[in-house]
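**Student:** this one's structure only:
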């Protein structure tokens, strides 16, 4: 039983964070109203003319918006899906490594890239994937022609997806490794008595054991299907791959901040926020329904 | 990444423009004021303004509209960036109180205060915030888009009666040299709403810089046309100019931004220009109609040529994903002997190439177009304006301040030049850090240097900054490339700028165009379409005929409407 004065201290401790959240997340939300205006900074929000849903209708009409929306979905879903598979498989395999030393070493190595910023990684990737880069040199050994990985629309989204997975799978696997350790060891013993092979133990004990975690992670990531990772793409893309690589965030950034069309840029951002809000709702419902996970 | 070269470009341009203070100055005796001596300030209580700047009181120019002091002291509020550099000012002086500012205040009998002074980084944000909250100072410097927005919001004072009346002859002459374009840029609905700046024009024409040592080694001659350039690129790739026994040298370099006016490092603009195409410019064609350069039929020929060069491997195969810094590494690292860029690239990045290899004898050349003429896409004369808040009672005061600032820069009208490091700190000293320059100052200086070398004028007539440069030029001529800094100055100021001084034809954007496209909601899409199409066609990812598809799409997606609006 906590006394009131105890809990009060916790609330006080939350305050600075709460203040920042309100100042930088909630307050700016109100300024989204410029999505419904033909915003002129010199007139301000009060005096800029209201245009209703014109900006939204404009976005629905132009081809750019469709393209950018489709690119975002493709890249984000590709990342979420493949990352899940790669991380689960990796966790299952690593779990089978018997020696603690190599196991820890591998785990540390694969989650290191998670801590590097995309600005740095983009520089490395550009060099690695150039015509005369390491990867194309390797392809040349097999007699293959060099591929402009970052310079052609067909390959660009895959570079984005795979480089993101390479960066994140080690970190993501930690959750599954943690779930694996919580599986009751007696289950393995029983399986062994029944004559199960290692592969069978993995498939029939380990995998079902972490299934709830997989479902949980999968459902919580539904809220992210419109997040294709701005940092990563803005550091790697160029106009030549706009058709497959331009996503909602990069588009909103160029239109709103580079070209100064605040209303259109805000509309893109607001659309994304609304859709994401719905998706997050769905994801919590799914998580509650299938993984018994509740935050409220 | 991009920022770093932009910054350098800006610094260099500013250097370029400010050195001119020296060249334009007639041999006026420097006022006997040492840097440490406190400014001669008259007692503020001593009211009548005409007597408050004692040295020139009664001088004839002082009585003209352009300089007349106010009988009663007036106040003017301004805003300012650059706070982080305030330590460059002499001891005891500040942005809010320095001798240049004091001279202006005394001459006109005004009191200038700053509503806020912030670091350069936050200036734009702070100004935007001030504009959108309606708390603008009496006067401020704005972009063409802000000008448009402020005029639309009706918060500016009409400056039509004041600009030409109160500007002194030097400012009028500089505007005049833009053939009226500067004032036209400031005019909306027949009224002048801002005082326009004038930028030096030399940055736009792109040159082909070539390693002469490689040229000589292969027994080739300097390039004059696109054909020559292509042959040169081929020779540099295939004939091992660096002599290491491997075919490891690049032909042409490029970046993901093949067209950008002005100052496009590794840009292909000059190749488009050779075919009579002027991409990214809304210019008036022979019939007087505004057309968009990127969608003109001449583009197709130029794109075909670039594509052929790309397919032949003469252009860096990865250019479409490279930024300026990445492509600079090719020339700096000795892997390429050709770089396209403006007149100043010997200062950066080519100086680094010379640092790495003192034999790297980069020389600039101008390319002729297919009619044997020199014709180039030009940048804007004007890109910012000083505006005055509606209701401010003495709108003309900003023009008067600009007159005096110009005098201080050039040493005209006995304006005192207190500061030895003026070029570094002018924008901190001046209440309105804003330049109305001679548009062709770089070319003029090249002629002056050449005249001094030919013995026609004495370098003693040059101002300090020009004398320093002249010494650098002479040193490098005596011992070429022994000091990359001297070499860079000689190449830029003498060799490259002299090429421009030889004259060329200009194609420039209609000054009103920016006010149309920058607020058109379709513009981001149109721009995206264009950037994408050019790169796809050059790299062959789309066939040449895709250009027609692009033009059609461009017109249908709002481009045609945009042009129609401009032509109304």
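**Tutor:** Yep, it's here. No experiment lies behind these values; they were computed from the predicted model shown.
**Student:** so where is the stretch 151-296 of chain A shaky, pLDDT-wise?
**Tutor:** A:295-296 (pLDDT under 70).
**Student:** Up against chain B, what does it have?
**Tutor:** Neighbours of chain B within the stretch 151-296 of chain A, by CB under 8 Å from any CB of the partner chain: A:151-153, A:238-240, A:242-243, A:246, A:251, A:254-255, A:259-261, A:263-264. Yep, even glycine has a C-beta here, placed from its N, CA and C like the rest.
**Student:** For the closest residue in space to residue B:366 that isn't next to it in sequence, give me its contacts.
**Tutor:** Excluding the flanking residues, the one nearest residue B:366 by CB to CB, 6 or more residues apart in numbering or on different chains is residue B:499, at 5.0 Å. With contact taken as CB atoms under 8 Å, 6 or more residues apart in numbering or on different chains, residue B:499 is in contact with B:207, B:343, B:364, B:365, B:366.
**Student:** If we use 10 Å, what do you get?
**Tutor:** In this structure, residue B:499 makes contact with B:205, B:207, B:343, B:364, B:365, B:366, B:374, B:443, B:446, judged by CB atoms under 10 Å, 6 or more residues apart in numbering or on different chains.
**Student:** can I get the residues you listed in CSV with distance to residue A:12 and neighbour count?
**Tutor:** Output for the contacts of residue B:499, formatted as CSV (distance: CB to CB, whole Å; neighbours: other CB atoms under 10 Å in any protein chain shown):
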residue, distance to residue A:12, neighbour count
B:205, 65, 27
B:207, 65, 22
B:343, 62, 29
B:364, 67, 25
B:365, 71, 20
B:366, 70, 18
B:374, 72, 18
B:443, 68, 22
B:446, 69, 23
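**Student:** Among those, which ones are in strands?
**Tutor:** For the contacts of residue B:499, membership in strands holds for B:207, B:364, B:365, with DSSP state E as the criterion.
**Student:** looking at it, the second one is touching residue B:497, isn't it?
**Tutor:** Yes - between residue B:364 and residue B:497 there is a contact under CB atoms under 10 Å: 9.2 Å.
**Student:** Overlap of the contact sets of these two?
**Tutor:** When contacts are counted by CB under 10 Å, 6+ apart, the set common to residue B:364 and residue B:497 consists of B:343, B:491.
**Student:** So, low pLDDT: which residues of the stretch 1-150 of chain A?
**Tutor:** Along the stretch 1-150 of chain A, segments meeting pLDDT under 70 span A:1-5.
**Student:** Show me where it has its helices.
**Tutor:** If DSSP state H, counting those that start in this stretch is used as the criterion, the helices of the stretch 1-150 of chain A fall at A:4-21, A:27-30, A:44-47, A:54-61, A:63-95, A:100-111, A:118-129, A:134-141.
**Student:** Looking at those, which one is packed in the most?
**Tutor:** For those, the stretch with the most neighbours on average is helix A:63-95, a mean of 19; neighbours defined as mean count of other CB atoms under 10 Å in any protein chain shown.
**Student:** okay, the angle between that one and helix A:100-111?
**Tutor:** The directions of helix A:63-95 and helix A:100-111 differ by 170 degrees, with axes from the mean of the first three to the mean of the last three CA atoms, to 10 degrees as the criterion.
**Student:** Would you mind identifying the helix or strand in chain B with the lowest mean pLDDT?
**Tutor:** Sorting the helices and strands of chain B by mean pLDDT, DSSP states H and E puts helix B:20-24 at the bottom, at a mean of 40.
**Student:** Could you list the residues of the stretch 1-150 of chain A in contact with chain B?
**Tutor:** For the stretch 1-150 of chain A, the contact set with chain B under CB under 10 Å from any CB of the partner chain comprises A:34, A:38-48, A:54-55, A:58-59, A:61-65, A:67-68, A:119, A:122-123, A:126-127, A:129-133, A:146, A:148-150.
**Student:** who touches residue 204 in this structure?
**Tutor:** You didn't pick a chain, so chain A it is. With contacts defined as CB under 10 Å, 6+ apart, the neighbours of residue A:204 are A:187, A:191, A:194, A:196.
**Student:** nope, chain B please
**Tutor:** Contacts for residue B:204 were tallied using CB under 10 Å, 6+ apart; they are B:261-264, B:269, B:342-343, B:376-380, B:500, B:504, B:506-508.
**Student:** so which of those residues are also by chain A?
**Tutor:** Counting by CB under 10 Å from any CB, nothing from these sits close to chain A.
**Student:** I would like a PyMOL command selecting only the buried ones among those residues, please.
**Tutor:** Only the buried members of the contacts of residue B:204 enter the following PyMOL selection, criterion being 16 or more other CB atoms under 10 Å in any protein chain shown:
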select buried, chain B and resi 261+262+263+264+269+342+343+376+377+378+379+380+500+504+507+508
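**Student:** Let's see which of the residues of the stretch 151-296 of chain A next to chain B end up in helices.
**Tutor:** If you go by DSSP state H, those have A:242, A:243, A:251, A:263, A:264 in helices.
**Student:** where do the strands sit along the stretch 301-450 of chain B?
**Tutor:** With DSSP state E, counting those that start in this stretch applied, the stretch 301-450 of chain B shows strands at B:338-341, B:362-365, B:375-378, B:385-388, listed in chain order.
**Student:** Could I get the ones you listed in CSV, plus columns for distance to residue B:65 and mean pLDDT?
**Tutor:** Formatted as CSV, those follow (distance: least, CB to CB, whole Å; pLDDT from 0 to 100):
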stretch, distance to residue B:65, mean pLDDT
strand B:338-341, 44, 97
strand B:362-365, 44, 97
strand B:375-378, 33, 96
strand B:385-388, 17, 97
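**Student:** closest one to residue A:27 among these?
**Tutor:** Comparing the strands of the stretch 301-450 of chain B by their distance to residue A:27 (CB to CB), the top pick is strand B:385-388, with 29.9 Å.
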